[in-house]
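Asks: Pasting a predicted model and its sequence here:
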Amino acid sequence: MNAIDKVRNLIGLLWREVLTFGTVGGMGWIIDNGIYALLWHGPMSSSTVKARVVSTVVATLFAWFANRYWTFRHRRTEHVWREFLMFLLMNALGLAIVLACQVVSRYVLGFTSFTADFIAGGVVGLVLATIFRFLTYRFFVFNEELGGPAPLAAAPDAFAVSAELLDVEPAR
């Protein structure tokens, strides 16, 4: 396998991981907000903070399973509890990024409207936290194959998966 093929395979693998990671994130967002809405309008209407905690915990558990068994299935380790604890830590740091963006917007820049909070935390913070989470999941949480030849060996399937998701013919 020459250098160009290795680069193509690595790009294909990363493309598949980004697509599945984004899909998992979108589904997690729907799960989180869907459960929150159900609880807010139902049994936890008097305690919306608790409803958010419950919905976030369920969405986080979903995201861990989906990332472990789908997005990074070729990178997971035998140390399930270590992965899970690192996943929780990286999620907490991702939340800190979101909150930091909102705090800077509100308390440093003086933007206090709902729209400003939403853009700072829910858009800018979410984008930065998502990039952070993808990189840390890949390199610190689901990292069993780092440094070895296995990620490149798994890459040809990435072309087929990416092409299938995009409904195009894979280039070889």
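Replies: All right, it came through fine.

Asks: For this protein, which helix or strand comes out least confident on mean pLDDT?
Replies: helix 150-166 (a mean of 43; mean pLDDT, DSSP states H and E).

Asks: helix or strand right after the longest helix anywhere in the chain?
Replies: Criterion DSSP state H: the longest helix present in the chain is helix 3-40. Next in sequence after helix 3-40, counting helices and strands by DSSP states H and E, comes helix 48-66.

Asks: Just the buried residues of that next one, please?
Replies: 51, 52, 54, 55, 56, 58, 59, 60, 62, 63, 64, 66 (16 or more other C-beta atoms under 10 Å). (C-beta placed from N, C-alpha, C; glycine too.)

Asks: Toward the C-terminus, what is the element adjacent to it?
Replies: Sequence-wise, the next helix or strand downstream of helix 48-66 (DSSP H and E) is helix 80-103.

Asks: tilt between that next one and helix 48-66?
Replies: 130 degrees (axes from the mean of the first three to the mean of the last three C-alpha atoms, to 10 degrees).

Asks: Can you pull the poorly scored residue ranges out of this structure?
Replies: For the chain, the stretches with pLDDT under 70 are 145-172.

Asks: how is it carved up into domains?
Replies: With domains defined by automatic domain parsing, the chain comprises 1-76+147-172, 78-141.

Asks: how far out from the middle of the chain is stretch 88-98?
Replies: Distance, stretch centre to chain centre, for stretch 88-98: 11 Å (C-alpha atoms, centre = their mean, to the nearest Å).
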